[in-house]
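**Q** Fold the following for me, if possible:
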Amino acid sequence: MSTRCPACFRDDFTVTGLSQHLAKSRNPHCQALYHQSRSQLHTSEQQDEPDESTAPDPGGYGEDKPDESTAPDGPDGDEFLQWGQEQYDGSDGDGDEDDEEWNFEPEWEPPVEEWEPPIEEQVEDVGMDTIEDLADEDEHRTHQDIQAHPRAGQQITRCRAANAEYEAHLANEEENLYHPFASKMEWEVARWVKLRGLSSTALSDLLAIEGVSERLSLSFKNANELNAIVDHGLPTGRPKFKRKQIVVAGEAFDIYYHDVIECIKSLYGDPDFAKYLAFAPERHYSDEDETVRLFHDMHTGKWWWDTQKKLDQHSPGGTIIPIIISSDKTQVTLFRNKSVYPVYLTIGNIPKEIQRKPSHGAHILLAYLPCTRLQHISNKASRCRTLANLYHACLRRVLAPLKSIGVDGLRMASGDGALRRCHPLFASFIGDYPEQLLVTGIKFGECPKCDIDVDEMDALAALDEGNLLFVCACSAAGIKPIVHPFWEDLPFTNIFRAITPDVLHQLYQGLIKHLLGWLSAACRAAEIDARCCCLPPNHHIHLFSKGITCLSRISGTEHAQICRFLLGIVTGIYLPNDLNAGRLLQAVQGLLDFLYLAQYPCHSSETLQLLDDALNLFHENKDIFIDLGIHEFVQMTCWLKRKEKILRHDKYVNWRCAGVEETIPYHLRPPDMTFRRLQSVAKHPSAKAISIDKLVEDYGATYFCEALAHYITQLNHASDPIPLRSQTLDVLAQDVHFPFRTLPVFHKVKWLSVDACGHGDATATLDSVHARPQQSSGSGLRPRRSDTALVSIGGNPDVVSGGIEVIFSLPSKSVPLLFLPTVKVPTHFAYIEWFEPFTLAPDRHHGLYKLLRSLHGGEKVASIVLLANIVRSVHLMPNFGVVVP
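**A** Residues are numbered from 1 along each chain as shown. Got it, this is the predicted structure:
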């Protein structure tokens with residue numbers, strides 16, 4: 001049931017939503033109605049949404065006419081299962097009683113547009129090379145409402161943009177676009193050398209070849225001369241490295257680091273990030289009632305709002321720059337144990353979709369911490385304490401400027417020249433579990449996020465009472481005796497809230513690594529490996545031909561690939577002592593659900609509850625593992641500086657080549673709730689002429705002729721006022737004769753990514769479906785592959801599953817002979833053998849759907865559908881039973 005607005009006739013409101021809409025709408029008709037009825041609540045008439053009619057089912061093809069209720073056929077089959085989006089409702093669970101005091105300005109609302117009821121569009125085949133995925137396009141988009149902080153991020157004035165400032169430092173009197181390089185050729189060669197990893201010796205040897213330097217018209221003859229141009233001719237885009245000594249326990253250690261404020265200025269003032277920066281906290285909601293809050297980028301979270309309130313008590317109107325620090329000690333050689341300890345910095349104003357891509361350069365190497373084992377300290381406990389204090393002493397030196405500037409602020413210009421008073425504040429630390437223990441000072445086995453008694457933290461205050469008493473007090477409290485933690489004096493900092501879990505270390509290399517060990521011990525490694533070897537191929541599945549239990553040093557990528565089929569291979573497996581396998585499946589399902597929910601690009605108050613539910617499901621069933629008995633530096637800085645200079649100059653050259661234009665404003669919006677993709681097929685077929693007999697024999701398209709004849713008949717009569725009966729359709733299909741003997745066939749269809757955020761991301765293949773015959777290869781025969789896919793019926797959100805046997809197109813000369821002139825004929829089709837409709841609910845133990853072949857009279861049910869109706873691939877896993885046969 002829904003409520004319609006009498007003024008604009010929108011009918012997607014609840015009663016509460018209607019009152020909010022009338023009070024906040026900018027539509028003049030809605031405003032007039034609100035002013036007329038503000039003395040009393042005007043309740044509009046509620047009406048049911050009209051039921052959508054469905055086209056008749058043309059039926060499948062077997063030995064006899066199939067039962068119309070068993071399987072879909074043709075482009076307009078029956079609807080089986082509603083796969084609509086979840087409706088968000090419920091409270092946001094914020095718990096912040098002071099949130100409303102900041103709501104001084106009217107909330108953001110989309111521009112008023114004349115609303116019209118939705119019209120169901122006909123699904124059409126878009127083109128030969130790229131076909132948009134219409135199933136994703138037809139999904140309902142979630143309403144999004146934005147509430148911005150009224151005072152934060154205020155602009156003071158404007159100055160020169162970053163590229164103009166960079167140009168002023170070039171001292172280019174000759175108006176050479178590529179200065180300090182003599183020509184475009186010289187610039188391209190220099191960029192290739194510095195960004196492609198060519199060694200200095202290799203470059204010098206190349207230029208020493210007679211004629212090379214002259215033919216390329218290069219002003220430099222060796223690597224040293226090129227380095228001189230880069231070092232002295234290009235402005236310093238990033239700050240220089242500093243070298244300081246830190247004395248801990250009477251020993252001096254060298255630390256190399258950048259000035260943290262200069263690093264922040266470099267990122268904040270980068271022209272490539274200028275239009276994407278967030279300057280003020282915002283609350284995003286998915287409904288007009290503002291009950292379901294959305295969380296995606298850092299400025300939509302609670303931390304920024306809370307900190308902005310505290311900052312406004314000292315400096316109203318300031319712009320917070322959240323500092324995100326990450327570190328991870330890395331071994332760089334297999335011999336002699338050479339390692340480095342890098343610390344990286346980024347800022348939360350940059351959207352996370354840009355931060356996570358190394359090619360965008362949103363992270364800066366902030367420091368190299370000293371790598372030492374302190375082997376001269378024989379006592380292990382003393383050595384560990386000294387290492388922890390060394391770590392904090394180094395970071396304390398690096399982050400010292402944030403202490404005063406975080407409160408007082410500093411004028412900074414973004415890449416577009418807008419000047420604001422900025423307050424860099426330490427906000428988040430990213431690292432694996434050992435790093436988290438080191439930063440927070442807690443001991444191994446404890447959680448850096450859980451609440452503890454206040455008395456335990458009072459141990460840090462015992463430092464003034466003497467070293468021995470301080471060590472004893474910390475030991476009793478269960479924390480490490482760190483003399484001065486680096487976060488001790490940083491303003492508005494709570495280090496325990498700053499710790500953030502990370503998918504790689506905490507989930508894949510933590511939970512999933514342990515889960516694999518538990519399952520190997522519980523279900524026998526040989527059985528798990530045998531099931532892995534029997535898995536069918538799929539675009540999303542990496543097949544481990546030798547199993548997974550024998551793998552060592554598993555990477556995060558490999559853990560992610562294993563998670564995609566882990567639940568399926570333990571379904572139905574035998575457990576020792578006849579223990580209930582349902583508890584094992586639910587424990588595995590809970591962990592995997594938590595893993596995938598945690599990686600959502602946007603969360604709501606509802607998805608956060610799903611996270612809790614998934615974790616609770618694991619905890620409710622984790623005792624099954626107990627029942628099973630399972631217990632458990634100078635040279636590098638020069639190279640980096642030259643590379644950064646080349647990258648900065650490359651941005652300037654691209655800016656000059658594109659013409660000096662004003663930056664187009666970019667408004668940060670919540671991510672689209674739909675999953676946009678482009679369906680793509682090859683321009684030319686994989687096989688130009690495949691006979692119908694080969695389609696039947698080699699591709700497995702048993703009822704291809706019958707299915708195609710029925711499809712052609714149905715499409716020719718699609719505009720008839722009275723739909724054809726099944727018997728009439730069968731009779732008319734018998735009169736269809738094919739004016740061809742062969743057909744062009746495609747062996748693969750792909751789905752490509754869409755740069756929805758406008759960040760210039762490269763296109764990537766997200767999914768694919770294969771339909772190919774048995775083929776010979778160098779090592780033998782490749783078996784026939786017929787992938788399973790989800791298919792949208794008639795452009796509706798209902799989807800059913802089927803095996804894609806053939807992807808083909810019709811010869812252009814044959815189309816006028818088969819179809820009426822008024823029929824718009826698609827270009828690509830697929831022959832599908834159907835499975836039974838999905839059940840209303842998945843299996844209660846493992847949460848997967850069970851599928852059976854759709855049969856009629858013992859024969860498979862098949863039909864022809866538009867290629868554009870295929871939504872995505874789906875991995876169909878065998879039912880192994882207790883033991884792999």
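**Q** just the strands in the stretch 301-450 of the chain please.
**A** Per DSSP state E, counting those that start in this stretch, the stretch 301-450 of the chain carries strands over the ranges 319-327, 330-331, 339-340, 342-347, 364-368, 410-413, 418-430.
**Q** Pick the most deeply packed of the ones you listed.
**A** strand 319-327 (a mean of 24; mean count of other Cβ atoms under 10 Å). Quick note: C-beta positions are derived from backbone N, CA and C, even for glycine.
**Q** Paired strands for that strand, with orientation please.
**A** strand 342-347 (antiparallel), strand 418-430 (parallel) (DSSP bridges).
**Q** Extract the CA atoms of the last one and return them as CSV.
**A** Extracted in CSV, the C-alpha atoms of strand 418-430 (Å, rounded to 0.1, in the frame of the first residue of the first chain):
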residue,chain,number,x,y,z
ALA,A,418,40.0,27.9,-3.2
LEU,A,419,41.5,29.0,0.1
ARG,A,420,40.1,27.6,3.4
ARG,A,421,41.2,27.4,7.0
CYS,A,422,42.2,23.8,7.4
HIS,A,423,42.7,21.7,10.5
PRO,A,424,44.6,18.4,9.9
LEU,A,425,43.5,15.9,12.5
PHE,A,426,44.7,12.4,13.0
ALA,A,427,41.6,10.2,12.2
SER,A,428,42.4,6.7,11.3
PHE,A,429,45.2,4.1,11.4
ILE,A,430,45.3,1.1,9.0
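**Q** list the contacts for Leu177?
**A** Counting by Cβ atoms under 8 Å, 6 or more residues apart in numbering, Leu177 touches Lys184, Val653, Arg656, Cys657.
**Q** Asp489 reaches Pro401, doesn't it?
**A** No. If you go by Cβ atoms under 8 Å, Asp489 and Pro401 don't touch, sitting 11.6 Å apart.
**Q** Which of the contacts of Leu177 has the largest number of neighbours?
**A** Of all those, Val653 has the most neighbours under the rule other Cβ atoms under 10 Å, reaching 17 neighbours.
**Q** what about stretch 374-386, start to end distance?
**A** Terminal residues of stretch 374-386 lie 8 Å apart, using Cα to Cα, to the nearest Å.
**Q** Which parts of that stretch count as buried, going by neighbours?
**A** Leu374, Ile377, Arg383, Arg385, Thr386 (16 or more other Cβ atoms under 10 Å).
**Q** before we move on, what about stretch 152-162?
**A** With the criterion 16+ other Cβ under 10 Å, stretch 152-162 contains buried residues Ala152, Gly153, Ala161, Ala162.
**Q** so which helix or strand takes in the residue minimising distance to the centre of the chain?
**A** Closest residue to the average C-alpha location of the chain: Pro601 at 5.6 Å, with Cα atoms, centre = their mean. Assigned by DSSP states H and E, Pro601 falls within no helix or strand.
**Q** Distance-wise, check it relative to Lys352.
**A** In this view, Pro601 and Lys352 are 8 Å apart by Cβ to Cβ, to the nearest Å.
**Q** so which of the strands paired with strand 319-327 gets nearest Val439?
**A** strand 418-430 (5.5 Å; Cβ to Cβ).
**Q** Can you show me the strands along the stretch 551-700 of the chain?
**A** 603-604, 677-681, 687-691.
**Q** How far away from the center of its chain is the first one?
**A** Average the C-alpha atoms of strand 603-604, do the same for its chain, and the two points are 14 Å apart (Cα atoms, centre = their mean, to the nearest Å).
**Q** by contact count, what packs against it?
**A** In this structure, strand 603-604 makes packing contacts with strand 293-295, judged by 3 or more Cβ pairs under 8 Å, 6 or more residues apart in numbering; DSSP states H and E.
**Q** Quickly run through the sheet partners of the strand it packs on, with directions.
**A** Strand 293-295 is paired, per DSSP bridges, with strand 282-285 (antiparallel), strand 603-604 (antiparallel).
**Q** what pLDDT, on average, does it get?
**A** Strand 293-295 shows a mean pLDDT of 89 in the predicted model.
**Q** Equivalent analysis for stretch 814-822, please.
**A** Averaging pLDDT along stretch 814-822 yields 89.
**Q** Name the residues that touch it?
**A** Stretch 814-822 is touched from outside by Ile712, Leu715, Asn716, Ser719, Val736, Phe738, Pro739, Phe740, Leu810, Val825, with contacts defined as Cβ under 8 Å, 6+ apart.
**Q** how about the strands of the stretch 301-450 of the chain, which one is nearest Ala223?
**A** strand 364-368 (22.8 Å).
**Q** chain center to that closest one, what's the gap?
**A** 26 Å.
**Q** partners of that strand, with directions?
**A** Counting by DSSP bridges, strand 364-368 is paired with strand 251-257 (antiparallel), strand 342-347 (antiparallel).
**Q** Adding mean pLDDT as columns, could you present these in a markdown table?
**A** Putting the strands paired with strand 364-368 into a markdown table (pLDDT from 0 to 100) gives the following:
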| stretch | mean pLDDT |
| --- | --- |
| strand 251-257 | 85 |
| strand 342-347 | 93 |
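**Q** Any chance of the ones you listed in a markdown table with distance to Ile325 as columns?
**A** Listed next are those as a markdown table, based on distance: least, Cβ to Cβ, whole Å:
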| stretch | distance to Ile325 |
| --- | --- |
| strand 251-257 | 12 |
| strand 342-347 | 6 |
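**Q** looking at those, which is closest to Leu575?
**A** Here strand 342-347 is closest among those (Cβ to Cβ), at 44.8 Å.
**Q** Tabulate the strands of the stretch 551-700 of the chain in TSV, adding columns for mean neighbour count, mean pLDDT and distance to Ser414.
**A** Below are the strands of the stretch 551-700 of the chain laid out as TSV (neighbours: other Cβ atoms under 10 Å; pLDDT from 0 to 100; distance: least, Cβ to Cβ, whole Å):
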stretch	mean neighbour count	mean pLDDT	distance to Ser414
strand 603-604	21	89	28
strand 677-681	21	89	33
strand 687-691	15	92	55
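**Q** Out of those strands, the one nearest Pro576 is which?
**A** Comparing these by Cβ to Cβ, strand 603-604 comes nearest, at 39.3 Å.
**Q** Not counting its own residues, what contacts the closest one?
**A** Counting by Cβ under 8 Å, 6+ apart, Tyr88, Ser286, Val292, Arg293, Leu294, Phe295, His296 sit against strand 603-604.
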